[in-house]
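Colleague: Next one to model:
(4 chains)
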Protein chains: 2
Amino acid sequence: MFEPPTLKDIANALGLSTSTVSRALRDTYEISAKTKKLVFDYAEKINYQPNPNALSLKERRSKSIGVVVSEVANHYFSQAINGIESIAYDKGYHVIITQTHESYDREKINVQHLASRSVDGLLVSLSAETADTAHLKYLHERGMPMVFFDRIPNDIHTHKITANNEQGAFNATTHLIQSGRRKIAHLTSSDHLSISIERLRGYTEALNKHDIKLNPDYIKHCPHGGMFPEETEQAVLELLNLKDKPDAICIAGDRLSIGCLEVLKKLNVKVPKQIALAGFSNSDVLNLFEYPISSVRQPAFEMGETATEMLLQLIESKYPVTEFHNKVIDTQLFVR
Amino acid sequence: MFEPPTLKDIANALGLSTSTVSRALRDTYEISAKTKKLVFDYAEKINYQPNPNALSLKERRSKSIGVVVSEVANHYFSQAINGIESIAYDKGYHVIITQTHESYDREKINVQHLASRSVDGLLVSLSAETADTAHLKYLHERGMPMVFFDRIPNDIHTHKITANNEQGAFNATTHLIQSGRRKIAHLTSSDHLSISIERLRGYTEALNKHDIKLNPDYIKHCPHGGMFPEETEQAVLELLNLKDKPDAICIAGDRLSIGCLEVLKKLNVKVPKQIALAGFSNSDVLNLFEYPISSVRQPAFEMGETATEMLLQLIESKYPVTEFHNKVIDTQLFVR
DNA sequence: AAAATTTGTGCAATCGTTCCCAAGAAGCCG
DNA sequence: CGGCTTCTTGGGAACGATTGCACAAATTTT
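Modeller: Next comes the predicted model:
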């Protein structure tokens, strides 16, 4: 059994009381210099670390924040997590990462667990399955500080940060149009997700602007954001089997972009000759791909940083915060 | 402020004592059925969750395990983490993930923090910089259950799990030889890392078996495992600038493999015509790449699962465990 | 009906830490 | 030398949950 040293151990060894030791270590003015030195040196020697559980219990906060994302294997999220950690560590907070794998049930469990584990706040990006946000609303109403990023709900009033999804999809679609395509499909995630709605809007606007009529058959939703390869494959096949086959696809997600490329490669459909692609992705290996795919890259690291700053502001604010920001950061289009 | 309900809240509301409420919730035999029902219903209504900090303090364990990896963005690690979580959640344990970004200092800080946070055990894969394992040894000697996976130390006696790195590198190198190459270089991570040593051994053996003389100039170490692109670039450039240029590279790491491809593409060196590649990688998009690279894939998920099972066995064992396993799982070669 | 047993509940200590309050020692002034 | 701060230090109550022990009420036994 691993039993780290406690204040009492130091107190006993030095013939002091725990209160004195505690004060000495916290460098309070009321403790004499020589007692402090005595305590400091001994604590150093036995490598004393305060028990964070006892502290959390006493202080009613844990100096840790919970993160809920769909998957760390997703480049967007792993980059965002790096941004989150960079700020959190700086401010002395710890980060607990949980994955939903796009499952609503898993999201409920994770959120519940993080809350009961008394994290001081939550950074959440909704799962693709999540249509009902009652579990989050419940916590939020009871005062749990919460910031949403990337995939945000519209019925919870707090800080939110997103990439400019509309503009990103608009740019991607416009790029496809400008390279001579007219029959542009849209492959996207579940229809209730904020990112899907915004990206669909950007796609639609680009078509409108160039007087291209929107073809409903060209819009394909993958309810699990491409988590299951079959889902993507079926959607792509449906597009390819249309009598009026699209000549380009604007893809609204990292996983979907990769999945789509895989399907096209498997079917030996030539990109971009037969079909051109542009999609959201934060992968850093797209330029190594055989088939070129223009990509919309989200400022993931920066979004993680900003979300964390916002959350810490909520956590550390002495007064209830009533004014909430809805920050939107521009995406970048990489033409390939 | 978020203030979850406590036992006392229930006790006050129901006119009972906290002990009665506690016993009722734990379904003890000594509490009457109607009191139990009363308590259950009320707890349900106000959504009572026991405070885990109080529990950890009392029980001296946290039902959570700490994970130390270099980067979650690395496919090998994100897959391993999925394996870890699958077992841990099943057994009611929580998982706290930390990243070292291949930094020794960060590793020390993370390990220290996890220990002080009273995790019940640790799953560790060493950072590329880590040559000295005193920080881990210290904890281990004091009874912290610990299992190493992938990058293991040789001076800490506990359960360990690795891929068969020697065989993997042997197979990769043999494959390069069989496709007609003779001048095979080896691009690898820092020289003290267990995986580097084992993979180098596999590489050497394959050369020996085919009577190819080992050329020391062909072996290039990247001390940070390719964390910094310049590092990889320089190593590859050095190989390409040799008067007796290699015609193939056996690459000992995910990040290095990707980095190497990037450099070659940038320099417009044709793969596999000018130089053939085979490398360790768990990326699932290698077959989308323009340049083919044969890959050695580690059973990441399975390794994560096994490591977690081993750790839980250590944690939950009533008697000190003295017999340790050193499990080695075979890799898979994907020829491209 | 008195004694013994069972049943249901509460008190208080514990885990490690902080912090309010009190108290002892030392120094200083008159 | 008594009375006064000032400086250190210790005692003890929290924080939330569990649990051995005690004790009352209800039930059974003699």
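Colleague: Which residues are in contact with the residue nearest to A:L286 when sequence neighbours are not counted?
Modeller: Once its chain neighbours are removed from consideration, A:L286 has its nearest residue in A:S295; the separation is 5.4 Å (C-beta to C-beta, 6 or more residues apart in numbering or on different chains). All C-beta atoms are positioned from the backbone trio N, CA, C, and that covers glycine. Residues touching A:S295, when contacts are defined by C-beta atoms under 8 Å, 6 or more residues apart in numbering or on different chains, comprise A:257, A:278-281, A:283, A:286, A:333-334, A:336.
Colleague: What distance do you get for the closest residue to A:Q298 other than its chain neighbours to A:I219?
Modeller: Counting by C-beta to C-beta, 6+ apart, A:A163 is the residue found nearest to A:Q298 once chain neighbours are left out, at 4.0 Å. Taking C-beta to C-beta, to the nearest Å as the measure, A:A163 and A:I219 are separated by 21 Å.
Colleague: out of these two, which sits in the busier spot?
Modeller: It is A:A163, of A:A163 and A:I219, that has more neighbours when counted by other C-beta atoms under 10 Å in any protein chain shown, with 27 against 18.
Colleague: and that one, bridged to which residues?
Modeller: A:I329 (DSSP bridges).
Colleague: which residues touch the spatially closest residue to A:R61 that is not a sequence neighbour?
Modeller: Nearest in space to A:R61, with sequence neighbours left out and distances taken as C-beta to C-beta, 6+ apart, is A:D120 at 4.9 Å. A:D120 makes contacts with A:61-65, A:93, A:145, A:315, as judged by C-beta under 8 Å, 6+ apart.
Colleague: Quick check: A:D120 vs A:K108, distance?
Modeller: Remark: distance between A:D120 and A:K108 (C-beta to C-beta) = 20 Å.
Colleague: can you check A:N326 too?
Modeller: Distance of A:N326 to A:K108, given as C-beta to C-beta: 25 Å.
Colleague: How about A:E305?
Modeller: When C-beta to C-beta is applied, the distance between A:E305 and A:K108 equals 27 Å.
Colleague: between those two, who's got more neighbours?
Modeller: Neighbours per residue, other C-beta under 10 Å: of A:E305 and A:K108, the larger number sits with A:E305, 21 against 17.
Colleague: want to throw the contacts of A:D120 into JSON lines with distance to DNA strand D and pLDDT?
Modeller: As requested, those are arranged in JSON lines below (distance: C-beta to the nearest atom of the strand, whole Å; pLDDT from 0 to 100):
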{"residue": "A:R61", "distance to DNA strand D": "11", "pLDDT": "87"}
{"residue": "A:S62", "distance to DNA strand D": "12", "pLDDT": "87"}
{"residue": "A:K63", "distance to DNA strand D": "15", "pLDDT": "89"}
{"residue": "A:S64", "distance to DNA strand D": "17", "pLDDT": "90"}
{"residue": "A:I65", "distance to DNA strand D": "20", "pLDDT": "93"}
{"residue": "A:Y93", "distance to DNA strand D": "21", "pLDDT": "90"}
{"residue": "A:P145", "distance to DNA strand D": "18", "pLDDT": "95"}
{"residue": "A:I315", "distance to DNA strand D": "18", "pLDDT": "93"}
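Colleague: Which of those residues fall in helices?
Modeller: Filtering the contacts of A:D120 for membership in helices, criterion DSSP state H, returns A:I315.
Colleague: The contacts of A:D120 into TSV, with extra columns for neighbour count and distance to B:A185?
Modeller: Formatted as TSV, the entries for the contacts of A:D120 read as follows, by neighbours: other C-beta atoms under 10 Å in any protein chain shown; distance: C-beta to C-beta, whole Å:
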residue	neighbour count	distance to B:A185
A:R61	16	53
A:S62	23	49
A:K63	16	48
A:S64	21	45
A:I65	26	45
A:Y93	21	44
A:P145	25	53
A:I315	21	51
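Colleague: where does chain A come near DNA strand C, residue by residue?
Modeller: Residues of chain A lying close to DNA strand C (C-beta under 7 Å from any atom of the strand) are A:3, A:6-8, A:18-19, A:22-23, A:25-26, A:48, A:50-51, A:54-55, A:57-59.
Colleague: just to revisit the earlier point, okay, and which of the contacts of A:S295 map to helices?
Modeller: Restricting the contacts of A:S295 to those inside helices, with DSSP H as the criterion, leaves A:S257.
Colleague: what's the farthest-apart pair in the contacts of A:S295?
Modeller: Within the contacts of A:S295, A:S283 and A:L333 form the most distant pair, 14.8 Å apart (C-beta to C-beta).
Colleague: The stretch 51-200 of chain A: strands as residue ranges?
Modeller: Secondary structure of the stretch 51-200 of chain A (DSSP state E, counting those that start in this stretch): strands at A:64-69, A:94-99, A:121-124, A:146-149, A:160-163, A:184-189.
Colleague: circling back: specify which member of the contacts of A:D120 is nearest to B:A235.
Modeller: Closest approach between the contacts of A:D120 and B:A235, by C-beta to C-beta: A:Y93, at 37.0 Å.
Colleague: burial count for the residue nearest to A:Y89 when sequence neighbours are not counted?
Modeller: Excluding its sequence neighbours, the residue lying closest to A:Y89 (C-beta to C-beta, 6+ apart) is A:V95, at 7.7 Å. A:V95 is surrounded by 21 other residues when neighbours are defined as other C-beta under 10 Å.
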